[in-house]
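Colleague: Here's my sequence, what's the structure:
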Amino acid sequence: MTDSGKYERTDDGGGGFSQDVRSTVIRAGKRTYFFDVKRTRNGEMYIIITESKKRFENDGNFFFEKHKIFLYPEDFDNFTTALEETSEFIRENMPEGSLKHDINDRVEFTPGRDED
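Modeller: Presented below is the predicted three-dimensional model:
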């Protein structure tokens, strides 16, 4: 079973070049996915999708290998359509019961709010 969780964070503060607006974290086994909404100085928002994996060097020290996709509003529709079509293709062509996790297993968390 994959240990997956979904966590959300929002922040109206900041003041650097890109301001953090919102962050969603999904833990999925050995990988963690971050969906970060950023805002430029001009007030334009965009998404950074990051995949992070813990890796080990030969001496035993670890580091996080990260891969990022920057997604801008003008590309949202095409990106979403392609992702949905690709996901649906995989679901339709996977052997029965081969998906290892269920979206209902995810938990939402917003810092600063008491858990129920």
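
Colleague: Grab the longest strand from this protein for me.
Modeller: strand 45-56 (DSSP state E).

Colleague: Packing partners of it?
Modeller: strand 31-39, strand 62-71 (3 or more CB pairs under 8 Å, 6 or more residues apart in numbering; DSSP states H and E). C-beta coordinates here come from the backbone N, C-alpha and C atoms, glycine included.

Colleague: What is the neighbour count of T32?
Modeller: Using other CB atoms under 10 Å, T32 has 19 neighbouring residues.

Colleague: try V37
Modeller: Applying other CB under 10 Å, I find that V37 has 16 neighbouring residues.

Colleague: and the helices and strands packed on strand 45-56 as a markdown table, adding distance to R91?
Modeller: Below are the helices and strands packed on strand 45-56 laid out as a markdown table (distance: least, CB to CB, whole Å):
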| stretch | distance to R91 |
| --- | --- |
| strand 31-39 | 19 |
| strand 62-71 | 22 |
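
Colleague: Show me the one of the ones you listed that comes nearest S18.
Modeller: In terms of CB to CB, the element of those nearest to S18 is strand 31-39, at 4.3 Å.

Colleague: Now that closest one - C-alpha only, PDB.
Modeller: Backbone C-alpha positions of strand 31-39 (Å, rounded to 0.1, in the frame of the first residue of the first chain) are rendered in PDB as follows:
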ATOM      1  CA  ARG A  31       8.200  10.200  -4.000                       C
ATOM      2  CA  THR A  32       6.700  13.500  -2.900                       C
ATOM      3  CA  TYR A  33       4.900  15.900  -5.300                       C
ATOM      4  CA  PHE A  34       4.600  19.600  -4.600                       C
ATOM      5  CA  PHE A  35       2.100  21.700  -6.400                       C
ATOM      6  CA  ASP A  36       3.100  25.300  -5.700                       C
ATOM      7  CA  VAL A  37       1.300  28.400  -6.800                       C
ATOM      8  CA  LYS A  38       3.600  31.400  -7.100                       C
ATOM      9  CA  ARG A  39       3.000  35.100  -7.800                       C
END
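
Colleague: ok, and for that strand, which residues are buried?
Modeller: Residues T32, F34, F35, D36, V37, K38, R39 are the ones in strand 31-39 that count as buried (16 or more other CB atoms under 10 Å).
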